[in-house]
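Pasting a predicted model and its sequence here:
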Amino acid sequence: MALQSILRKTIHEGDLQVRLPGGSVLELGDGTGPPVTVAITSRRWALRIAVDPALAVGEAYMEGGLVLERGSLHDFVDLIGRNAKHRPLKRAGPLARWWLDRRLQANARAAARRNVAHHYDLSVDLYRRFLDPDLQYSCAYFPAPGVSLEAAQLAKKRHLAAKLLLRPDQRVLDIGCGWGGLALTLAQEAGVQVDGVTLSTEQLATARERAEAAGVGDRARFSLTDYRDVAGPYDRIVSVGMFEHVGRPNFQAYFDQVARLLKDDGVAVIHSIGRAEGPAFTQPWIAKYIFPGGYIPALSETLAAVERSGLIVADVEILRLHYAETLRGWRERFEANRAEIAAMYDERFCRMWAFYLSISEIAFRYRGHMVFQLQLAKRVDAVPLTRDYIGEAEAWFSRRGGRRRAA
């Protein structure tokens, strides 16, 4: 049976039992870690998994074709992740890359809007069930072990603010502003004027409501605008967790636009998931069900576009396991509120999102995913010569935030 051969070649670590259609059981791994037993419910699902495991395992779990009998979903996904090193990395050849670029990642304006709606126009009540209260839906920054998710997300915002070298009344553009949390923090703690742009109608409504409720509607403004249609100039530009949705064919247009919008003495900070192993494919189940049109960039292909835009890379920081810890927090909160989420949607939706959160965490633990923060400028003297100012600014924001809460 093809599936048995694939599993025996792939699973070398862990303690996995696979109950096959017909009743036979495969014993796989070296017996380490939590024991996991899964059942494949039909020959049709066994064939689909054998033909395309990267897509079909997630589909089988969603549809009930793969059922957990012992252990948790995360135990199973973690076991698969630990064995990833036994599978060769698939890279796209020229023809495959051309097809992916033209068909799946072109992200023209209408397609970009549809792709954003697929994920981000879900009810904000869903996201409130597993994110922090500020609705930060990107990698947190854990300055020390044991830091809570809420504190790590606030630390992330202040880390970005420090790199932006903000001064009161500067104009700041937030590309892909989400539900407005970063823009509100910058307006409140740094006294800047922020224009946040998004393609999600749900995010836009929430961001505007939050700005008015916080009394900063005149300094934190939000609009339904494609980044390609923004008019500048801006003193500062920040983009967090949006570059992953640009699509590889648009890398150059994206950084060319950042360069056009940035003042000559301006500073931009781009925060994005990246892949350490170099350019590759988007995971097919993620591309189909979670982030259509998305692509996790390699730093090598990103920097090439930055260089051609005329921007200077003033600083690069790599956050390695920070997103794994962020996703662990989201996954645990999602499971704690699963009954409420199932009541909002259904059990299939819960299985889909639980699988998404688990495999995303594993990508950062075992598959070379990380986060990079690029600080960009037009002038070589736009930022200080050393990085000491980052910690100093973070401390200043922390003191200011404490005084604001006490007032």
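Noted; the coordinates are in hand.

Let me see the domain layout of this protein.
By the assignment in automatic domain parsing, the chain contains the domains 2-86, 103-406.

Now render those as CSV, adding mean pLDDT and mean neighbour count.
(Each C-beta comes from the backbone N, C-alpha and C, glycine too.) Below are the domains of the chain laid out as CSV (pLDDT from 0 to 100; neighbours: other Cβ atoms under 10 Å):
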stretch, mean pLDDT, mean neighbour count
domain 2-86, 94, 17
domain 103-406, 94, 19
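
a helix runs through Val36, doesn't it?
No. Counting by DSSP: H, G, I helix; E, B strand; the rest coil, one finds Val36 to be strand, located in no helix.

so it bridges to which residues?
Leu16 (DSSP bridges).

Quick one: residues contacting it.
For Val36, the contact set (Cβ atoms under 8 Å, 6 or more residues apart in numbering) comprises Gly14, Asp15, Leu16, Gln17, Leu68, Arg70, Gly71, Asp75, Phe76, Leu79.

export those to CSV and tack on distance to His245?
Putting the contacts of Val36 into CSV (distance: Cβ to Cβ, whole Å) gives the following:
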residue, distance to His245
Gly14, 34
Asp15, 38
Leu16, 34
Gln17, 39
Leu68, 32
Arg70, 38
Gly71, 34
Asp75, 31
Phe76, 29
Leu79, 30
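
Show only the entries of those found in helices.
Among the contacts of Val36, the subset assigned to helices under DSSP state H consists of Asp75, Phe76, Leu79.

now Ser42: how far from Phe76?
As for Ser42, its distance to Phe76 is 19 Å (criterion: Cβ to Cβ, to the nearest Å).

cool, and Leu16?
On the measure of Cβ to Cβ, Leu16 and Phe76 end up 8 Å apart.

who touches both of these two?
Val36, Val38.

which residue ranges form the strands in the protein?
Under the criterion DSSP state E, strands of the chain are mapped to 15-19, 25-28, 35-40, 66-70, 171-175, 193-198, 220-224, 234-240, 262-275, 312-319, 369-377.

Out of those, the one nearest Asp134 is which?
strand 234-240 (12.4 Å; Cβ to Cβ).

The closest one pairs with which strands, and in what direction?
Partners of strand 234-240 in its sheet, by DSSP bridges: strand 171-175 (parallel), strand 262-275 (parallel).

Nearest to Asp388, out of these?
When the strands paired with strand 234-240 are ranked by proximity to Asp388 (Cβ to Cβ), strand 262-275 comes first, at 16.3 Å.

any idea of the angle the closest one forms with strand 312-319?
30 degrees (axes from the mean of the first three to the mean of the last three Cα atoms, to 10 degrees).

Distance from stretch 5-13 to the middle of the chain?
Distance, stretch centre to chain centre, for stretch 5-13: 29 Å (Cα atoms, centre = their mean, to the nearest Å).
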